[in-house]
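**Q** how would this look folded up:
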Amino acid sequence: MDVDDGLILRVEQNGHGAVVHVEGEIDLVTAPQLRTFLKALDGTVAIDLRDVAFLDSTGIGVLVGARNRLSAVGGGLVLFNPNSVVARTLEVVGLRDWIEQ
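**A** Residues are numbered from 1 along each chain as shown. Next up, the predicted model:
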């Protein structure tokens, strides 16, 4: 678990890869923390957005960068459980298909 600048990150492994639980706001202040956290992971990564209240363009950039990095080495990144605000943000920027139901 990592707590800094109001962002709480926790990772667990399931049979399909890493599941990252994120709590707080992903923004200009917390995005570097998320970037560093995700760099330590490989393979397939699922990010649980259930407890994310806000996602800005800096956070989206981190998610895109992580997905690109993971995909380049045969992994992947998916998102799940976004609230309506975060889901709408992802939809507006064209990332709606990254959300798994």
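
**Q** contacts, neighbours, all on C-alpha from now
**A** Noted.

**Q** And the longest strand along the chain, how far out from the chain middle?
**A** In the chain, taking DSSP state E as the definition, the longest strand is strand 44-55. Its chain's C-alpha centre and that of strand 44-55 lie 5 Å apart, by Cα atoms, centre = their mean, to the nearest Å.

**Q** Going forward, the N-terminal residue is numbered 8.
**A** Sure, I'll start counting at 8 from here, so that last one is strand 51-62.

**Q** quick one: strands adjacent to that strand?
**A** strand 24-33 (parallel), strand 83-87 (parallel) (DSSP bridges).

**Q** Show me which residues of the next helix or strand after it are buried.
**A** Downstream of strand 51-62, the next assigned helix or strand under DSSP states H and E is helix 64-79. For helix 64-79, burial by neighbour count (16 or more other Cα atoms under 10 Å) applies to 65, 66, 67, 69, 70, 73, 74, 76, 77.

**Q** Mind giving me the packing neighbours of helix 64-79?
**A** helix 38-46, strand 83-87 (3 or more Cα pairs under 8 Å, 6 or more residues apart in numbering; DSSP states H and E).

**Q** most tightly surrounded among those?
**A** Comparing the helices and strands packed on helix 64-79 by mean neighbour count (mean count of other Cα atoms under 10 Å), strand 83-87 ranks first with a mean of 19.

**Q** circling back: reformat the helices and strands packed on helix 64-79 into a markdown table and put distance to residue 99 and mean pLDDT next to each item.
**A** Listed next are the helices and strands packed on helix 64-79 as a markdown table, based on distance: least, Cα to Cα, whole Å; pLDDT from 0 to 100:
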| stretch | distance to residue 99 | mean pLDDT |
| --- | --- | --- |
| helix 38-46 | 19 | 97 |
| strand 83-87 | 15 | 97 |
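
**Q** Would you tell me which of the ones you listed gets closest to residue 30?
**A** helix 38-46 (10.8 Å; Cα to Cα).

**Q** Kindly format the C-alpha coordinates of that closest one as CSV.
**A** Provided in CSV are the C-alpha atoms of helix 38-46 (Å, rounded to 0.1, in the frame of the first residue of the first chain):
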residue,chain,number,x,y,z
ALA,A,38,-0.3,11.3,-11.3
PRO,A,39,3.4,11.0,-10.7
GLN,A,40,2.8,8.7,-7.8
LEU,A,41,0.5,6.5,-9.9
ARG,A,42,3.0,6.5,-12.8
THR,A,43,5.8,5.2,-10.4
PHE,A,44,3.5,2.6,-8.9
LEU,A,45,2.5,1.3,-12.3
LYS,A,46,6.1,1.1,-13.6
